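In: following is a predicted model, sequence given first.
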Amino acid sequence: MKLVLILVLLILSVMIVVGTLLLNRVSSYFLDDFSSQMEEVFTQRFLSELSSACAEENAPDLLREMIAAYSGPLGIDTNRDFYILSDNSGEYLTGSNDQLGINLEITPNIIHALNGQIGSSLSSTNDYMDIAIPISGEAGSYILYIKDNKSDLSELTWMLFSITVQVVLFGLLFSVLLSFLLSKTMTIPIENITKGALRLASGEFDSQIEVHSDDEIGVLTQTFNNMARSLHDAMQDMAAERNKLNTLFLHMTDGVAAFDASNHILHMNPAAEKMLGMTFSPDLTFEEVFHDVKKPSGSDTVVVDYTVEDRTYQVFLAALNTPDEPQGVMAVIHDVTEQHRLELTRREFVANVSHELRTPLTSIKSYTETLLETDDLPEDLRSKFLTVINNEADRMARIVKDLLTLSRLDSGRLDMKFTTFPLDKLMGSVYDAMLFEAKNHRHELTLELDDPLPKIEGDRDRIEQVVVNIVANAVKYTPDGGNIVMAARNVKDGVEISVTDNGIGIPREDLPRLFERFYRVDKARSRERGGTGLGLAIAQEIVRYHNGTIRAESKLGAGTNMTVFLPLKQKYLQGEQA
């Protein structure tokens, strides 16, 4: 619409200017033509003749006849008349139109003639053209006055004005049609580009605009399409990167939380929610998520230990520096509970090893020094001392052997000889081996087996070692005259071996630590009976190596039930760990 208005105003302005110039030119032409006619007629000769006529008594009539003779060259007609005026007052004497002559207006040219000068000034603003020429003779002086009422000029001007108006109207109509055509040619592609831009703004990055021409509009449209494709590719890349980051944050084991400059939370992945024991909410603040933790300042990175219930976390806090936004905080949460537990276990292990080795070493050193320093020691006492030294040395050897076994199990270097063997025979062998020891303590040892028991796959010697260790513990920690039941039964996907006694039992608080290395429920009694505190730890590692499980159920003063589950088939054979 703006283009249409501009073209209409332009055409209208041009037509008005052209019409005005044309009308002014026509008016000037008429004025110039009038002056030319007067100059051609009123030559010096003709003026002399007119002056001679003034010497006659009937000079006005004679002048009228002479002027009338030149009516043609002077253009005398209904619109142009001549008058003979008195030289003294400008009074009408005679002429071609007596009616107009009587009421003749005194014009500036007549005034010039009364002053003895030719009055020939013309103006396009007047509604007439005139000339006043003073004529002098012996009989008197007169003024020859010719006046044109411009009727022809007015008619021609009106006709030109009508033509100009018609041309202007036609031009306006033409300009409107042309401008509509041009505007459609120009605005439709621009409207298409505008619609395409709106689609881009709404997220439709794959929309393309049809190119209809090779002109500037076509180039602009093609450029827009190229920009849309580039933006589409860029948004796809950004979406892919965002999906990667979202997937990373969603599935990473470390917790991630981001906060803005006002301490309100922006993001929290599921790992962080699980670690901190809270659900993401936009209303959460830094102080509510991390109690008593100070935010980092500037570009510093702060590492703090943070405890939630029984878990210990290491929190890395770093400033989020963005060019256009205030500084926020990114928190990365790493669960170091297991590391702390392993470190504590390592320290306890070193302390336990030192203690376990120091006790027999102290005994050996004490008895050895006594033997060396006392020459007259009785033979029976000397023999007793040597027996103690030998027993303590055996104990140290067992500790070292068990430690080596655990080390090899931990590193996967323990040579496992996997075979397929009948479980009932293994259970019978252990029963036979432990029966004598059980009878020494007046225990009733019972063997209960499902019939039939399947063959299982594994290292027979190591599995037998596990069962022997469990039965030996039951024999040791059950008061004399107790009942011990060895059982093996079929279960889904494997077999279950259990050893149940009615011994002293294990306190509830000690059950979770039962399989820790060097852990003893009754330390004095265990050492007294030659235990190293590593048997159950080794048993657990062997069972795990066979992709099985071992668990303990006990009640203080009521007895203990140890259960081992073993699969029938192993996923990995000799030397390969699952």
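Out: Now that the structure is in, tell me what you want to look at. Numbers count the residues shown, from 1 in each chain.
In: state the distance from residue 29 to residue 122.
Out: Between residue 29 and residue 122 the distance, using C-beta to C-beta, to the nearest Å, works out to 12 Å. The C-beta positions use only the backbone N, C-alpha and C, and glycine is treated the same way.
In: please apply the same query to residue 207.
Out: Here the distance between residue 207 and residue 122 works out to 72 Å (C-beta to C-beta).
In: so what are the domain limits for this structure?
Out: The record's domain parsing of the chain by automatic domain parsing lists 42-149, 203-249, 252-333, 340-410, 415-567.
In: turn those into CSV, columns for mean pLDDT, distance to residue 155 and mean neighbour count.
Out: What follows is these, written out as CSV (pLDDT from 0 to 100; distance: least, C-beta to C-beta, whole Å; neighbours: other C-beta atoms under 10 Å):
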stretch, mean pLDDT, distance to residue 155, mean neighbour count
domain 42-149, 84, 10, 17
domain 203-249, 78, 50, 13
domain 252-333, 80, 77, 15
domain 340-410, 76, 117, 13
domain 415-567, 85, 122, 17
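In: turn those domains into a markdown table, including distance to residue 181.
Out: Below are the domains of the chain laid out as a markdown table (distance: least, C-beta to C-beta, whole Å):
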| stretch | distance to residue 181 |
| --- | --- |
| domain 42-149 | 41 |
| domain 203-249 | 14 |
| domain 252-333 | 47 |
| domain 340-410 | 83 |
| domain 415-567 | 85 |
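In: show me where the stretch 201-350 of the chain has its strands.
Out: Read by DSSP state E, counting those that start in this stretch, the stretch 201-350 of the chain holds these strands, from start to end of the chain: 255-259, 265-268, 301-308, 311-320, 328-335.
In: mind checking these for the one nearest to residue 378?
Out: For the strands of the stretch 201-350 of the chain, distance to residue 378 was read as C-beta to C-beta. The smallest value, 58.8 Å, belongs to strand 311-320.
In: got the angle for the closest one vs strand 328-335?
Out: Here strand 311-320 runs at an angle of 160 degrees relative to strand 328-335 (axes from the mean of the first three to the mean of the last three C-alpha atoms, to 10 degrees).
In: ok, now how distant is the residue nearest the centre of the chain from residue 122?
Out: A centroid search over the chain (C-alpha atoms, centre = their mean) returns residue 238, at 7.1 Å, as the residue closest to the centre. When C-beta to C-beta is the yardstick, residue 238 and residue 122 sit 83 Å from each other.
In: cool, and residue 342?
Out: Look at residue 342 and residue 122: by C-beta to C-beta, they are 122 Å apart.
In: residues in contact with residue 316?
Out: Residue 316 makes contacts with 301, 302, 303, 331, 332, 333, 334, as judged by C-beta atoms under 8 Å, 6 or more residues apart in numbering.
In: give me that answer again for 10 Å
Out: Under the criterion of C-beta atoms under 10 Å, 6 or more residues apart in numbering, the contact list for residue 316 reads 254, 256, 296, 301, 302, 303, 304, 330, 331, 332, 333, 334.
In: with residue 371 instead?
Out: For residue 371, the residues meeting the contact criterion (C-beta under 10 Å, 6+ apart) are 377, 381, 382, 385, 386, 389.
In: let's go with 8 Å and repeat that
Out: The contact partners of residue 371, by C-beta under 8 Å, 6+ apart, come to 377, 382, 385, 386.
In: hang on, it in a strand?
Out: No. Secondary structure assignment (DSSP: H, G, I helix; E, B strand; the rest coil) places residue 371 in helix, not in a strand.
In: now do the helices in the stretch 151-300 of the chain.
Out: Taking DSSP state H, counting those that start in this stretch to define them, one finds helices in the stretch 151-300 of the chain at 151-201, 216-251, 270-276, 286-289.
In: do the same with the stretch 351-500 of the chain
Out: Per DSSP H, counting those that start in this stretch, the stretch 351-500 of the chain carries helices over the ranges 379-411, 423-440, 460-476.
In: how much space is there between residue 69 and residue 46?
Out: On the measure of C-beta to C-beta, residue 69 and residue 46 end up 10 Å apart.
In: what's the closest of the domains of the chain to residue 8?
Out: Closest to residue 8 of these, according to C-beta to C-beta: domain 203-249, at 22.5 Å.
In: now tabulate the helices of the stretch 151-300 of the chain in TSV and tack on distance to residue 568.
Out: Conversion of these to TSV gives the following (distance: least, C-beta to C-beta, whole Å):
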stretch	distance to residue 568
helix 151-201	64
helix 216-251	34
helix 270-276	36
helix 286-289	49
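In: which one of these lies closest to residue 90?
Out: Evaluated with C-beta to C-beta, these place helix 151-201 nearest to residue 90, the distance being 24.0 Å.
In: need the strands of the stretch 201-350 of the chain in TSV (columns: distance to residue 154).
Out: Rendered in TSV, the data for the strands of the stretch 201-350 of the chain read as follows (distance: least, C-beta to C-beta, whole Å):
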stretch	distance to residue 154
strand 255-259	89
strand 265-268	86
strand 301-308	98
strand 311-320	87
strand 328-335	86
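In: among the ones you listed, which is nearest residue 485?
Out: strand 311-320 (39.6 Å).
In: report the angle between that closest one and strand 301-308.
Out: Computed with the same axes, to 10 degrees, the direction of strand 311-320 lies at 150 degrees from that of strand 301-308.
In: walk me through which strands strand 311-320 pairs with, and which way each runs.
Out: Under the criterion DSSP bridges, strand 311-320 sits next to strand 301-308 (antiparallel), strand 328-335 (antiparallel) in its sheet.
In: need those in JSON lines (columns: distance to residue 454).
Out: Below are these laid out as JSON lines (distance: least, C-beta to C-beta, whole Å):
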{"stretch": "strand 301-308", "distance to residue 454": "46"}
{"stretch": "strand 328-335", "distance to residue 454": "41"}
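In: nearest to residue 159, out of those strands?
Out: Go through these one by one with C-beta to C-beta and the one that ends up closest to residue 159 is strand 328-335, at 83.3 Å.
In: hmm, who's touching that closest one?
Out: Strand 328-335 is contacted from outside by 253-261, 263, 266, 271-272, 275-276, 286, 289-290, 295-296, 306, 311-320, 322, using C-beta under 8 Å, 6+ apart.
In: and it, how far from the chain's centre?
Out: If you compare the mean C-alpha spot of strand 328-335 with that of the full chain, they lie 21 Å apart, counting by C-alpha atoms, centre = their mean, to the nearest Å.
In: same check on stretch 69-79?
Out: Average the C-alpha atoms of stretch 69-79, do the same for its chain, and the two points are 94 Å apart (C-alpha atoms, centre = their mean).
In: do me a favour and get the end-to-end distance for it?
Out: Taking C-alpha to C-alpha, to the nearest Å, the span from the opening residue of stretch 69-79 to its closing residue is 17 Å.
In: I appreciate the help and will end here.
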